[in-house]
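> Starting from these lines, generate the structure:
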Amino acid sequence: MKKILSITSLLLVLATTACQDVIDVQPTHVLGNNNVFTKVEDFDVALNGAYANMRGLYLNGLFTGVIADMMSDNLHETAESLVNYKAVTDWVYKADQLRINQTWAVGYNLIHDVNTVLGKINEFTNSSNQKTANRIRGQALALRGWTHFNLLRYYANNLDRNSTDPGVAIKTQTGSDLLARSSVKECYDQIYKDLEEARQILGDVDVAVNTATKKSRVDRTAVTGMLARVALYAKEYDKAATFAQEVIRAVPLATRAQFPGIWTDANVSEVLFATQYNSGEGGATLDVFSPAINRAQWDPARDLVALYNATNDIRYTSYFTPTSNFPGVTRTGRALLVGKYIGRGTARDGNVNFKVLRVAEMYLIAAEALAATNKGTEALGFLNQLRAARITGFTPGTESGAALTAAIATERRKELWMEGHRWFDIKRTTRALQRSSECRANCTLPATSVAWTWPIPQDEILANSKMTQNSGY
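Numbering: from 1, shown residues only. Down below sits the predicted model:
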């Protein structure tokens, strides 16, 4: 009988054995197929467990949250760093490294959580509880598609829609079968299938998934935002623009008065989906800057900071905080710390919800997708709307062609800083990475480097005879 493991024990398992396929590790904190479900509502328990797990280090904690900024040119490692993530942030991966293994394993644990729901809920669904089942099942489908997509971003080399390159293993049911890697195209097929079905059935539910003041679950609008992002990565630009514009029509951008409150959880303006951190649980950025103990392991990169208008751009004061606000540590030549997730209200503990999806991203997706399909005027319109919402007295830009494409990329870097995008934005557009002049080592990554793709974890390779390794590892 297959050994059942909890996520908390998974670290020990991976450290002590290489004989179990981590795709099939079964956590104990959710109801399994051998447990008794008595009604549709019971499946909310398993779904709650999946959402709770998203707070973890390797989901919407550090690794999905801000590792994309640490690995790219958005942050600068300081002398205060504990170098816990050096192998990843210096791009010297090995298949047996903890971070590489855990990102894979915890992703598949979450997929198992939702497969537990999806594999059994239909048995308890009838005409009288269909809307309740839709609400639960739709969220589970969305989380499954979304998690497969996030794994694909790390472990696949080519992210184009019809690529036949190896993607990740697609896990759509519980069980112990060994799984081979599907092609990138096959991965997208399943991701789209899950998200599109979720979008459809979440339009017919018993009660609202979220409220006006809480966006901690995936509702229909959030799924549409997910589809917009997936389509942008897949270079299906018409789809990306369509989905993004649907969200834009449904949810307004935050005003300049509202914007700072997004990052202290004073409001949820323009937030589509956020991972909720309860008191004492930490946050997504504590390994970057831990305000409670005044340790800044990473600072905003100077060339990034220079992109903002310090006087007129509301993002400047919302995203950065002066070092002088945190006396006691001498930081010669360093003027700013990461302030984007400094704490709720006036607290300085880093305990803030992580914003997974925002409407601002949809403006940038629409702009990029329209520009890529020779609709420059429309693209510029969305870009200018976002810039005007952030910058007092903004004069509308007139960019076109390559200059427009570059302006959109720059605005993505500015707007979505510390939200898990920068590394993947450079990867999916096949550009080289050049860190700023303050970088002293591991400063350049060519577009052709194998380091844009993580190795498949060695534990999985050893346990799963069907699993293949990425080229170069």
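
> Tell me, how many residues neighbour residue 279?
By other CB atoms under 10 Å, 8 other residues sit near residue 279. In this view, the C-beta of every residue, glycine as well, is placed from N, C-alpha and C.

> Quick check: it touching residue 352?
No. Under the criterion of CB atoms under 8 Å, residue 279 makes no contact with residue 352, lying 11.2 Å away.

> show me where pLDDT drops low in the stretch 1-150 of the chain?
For the stretch 1-150 of the chain, the stretches flagged by pLDDT under 70 are 1-36.

> who does the longest helix seen in the chain touch, helix- and strand-wise?
Among all segments of the chain classified by DSSP state H, the helix with the greatest residue count is helix 130-155. Using 3 or more CB pairs under 8 Å, 6 or more residues apart in numbering; DSSP states H and E as the contact criterion, the neighbours of helix 130-155 among helices and strands are helix 43-53, helix 98-120, helix 184-201, helix 220-233.

> can you put those helices in TSV and add mean neighbour count?
As requested, the helices and strands packed on helix 130-155 are exported to TSV (neighbours: other CB atoms under 10 Å):
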stretch	mean neighbour count
helix 43-53	20
helix 98-120	23
helix 184-201	20
helix 220-233	25
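
> Quick one: closest of these to residue 178.
Distances from residue 178 to each of those were compared using CB to CB; the minimum, 12.8 Å, belongs to helix 98-120.

> who does that closest one touch, helix- and strand-wise?
Contact partners of helix 98-120 among helices and strands, from 3+ CB pairs under 8 Å, 6+ apart: helix 7-16, helix 43-53, helix 62-65, helix 86-89, helix 130-155, helix 458-463.

> Please work out the angle formed by the directions of it and helix 184-201.
Per axes from the mean of the first three to the mean of the last three CA atoms, to 10 degrees, the angle that helix 98-120 makes with helix 184-201 is 50 degrees.

> Show me how far helix 98-120 is from its chain's centre.
Relative to its parent chain, helix 98-120 has a centroid offset of 15 Å by CA atoms, centre = their mean, to the nearest Å.

> Using CSV, write out every CA atom in it.
This file holds the C-alpha atoms of helix 98-120, laid out as CSV (Å, rounded to 0.1, in the frame of the first residue of the first chain):
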residue,chain,number,x,y,z
LEU,A,98,16.4,21.2,-2.2
ARG,A,99,14.7,24.3,-3.9
ILE,A,100,14.5,22.5,-7.3
ASN,A,101,13.0,19.4,-5.6
GLN,A,102,10.5,21.2,-3.4
THR,A,103,9.1,23.5,-6.0
TRP,A,104,8.2,20.3,-8.0
ALA,A,105,7.0,18.2,-5.1
VAL,A,106,4.9,20.8,-3.4
GLY,A,107,3.2,21.7,-6.7
TYR,A,108,2.2,18.1,-7.2
ASN,A,109,1.0,17.9,-3.6
LEU,A,110,-1.4,20.8,-4.3
ILE,A,111,-2.5,19.0,-7.5
HIS,A,112,-3.2,15.9,-5.5
ASP,A,113,-5.3,18.0,-3.1
VAL,A,114,-7.6,19.2,-5.8
ASN,A,115,-7.7,15.9,-7.6
THR,A,116,-9.1,14.4,-4.4
VAL,A,117,-12.0,16.8,-4.8
LEU,A,118,-12.4,16.3,-8.6
GLY,A,119,-12.2,12.6,-8.4
LYS,A,120,-15.1,12.1,-6.0
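
> mind checking how far residue 379 is from residue 373?
Residue 379 is 9 Å from residue 373, where distance means CB to CB, to the nearest Å.

> My error: substitute residue 453 in the last question.
Spatial separation of residue 453 from residue 373 under the definition CB to CB is 27 Å.
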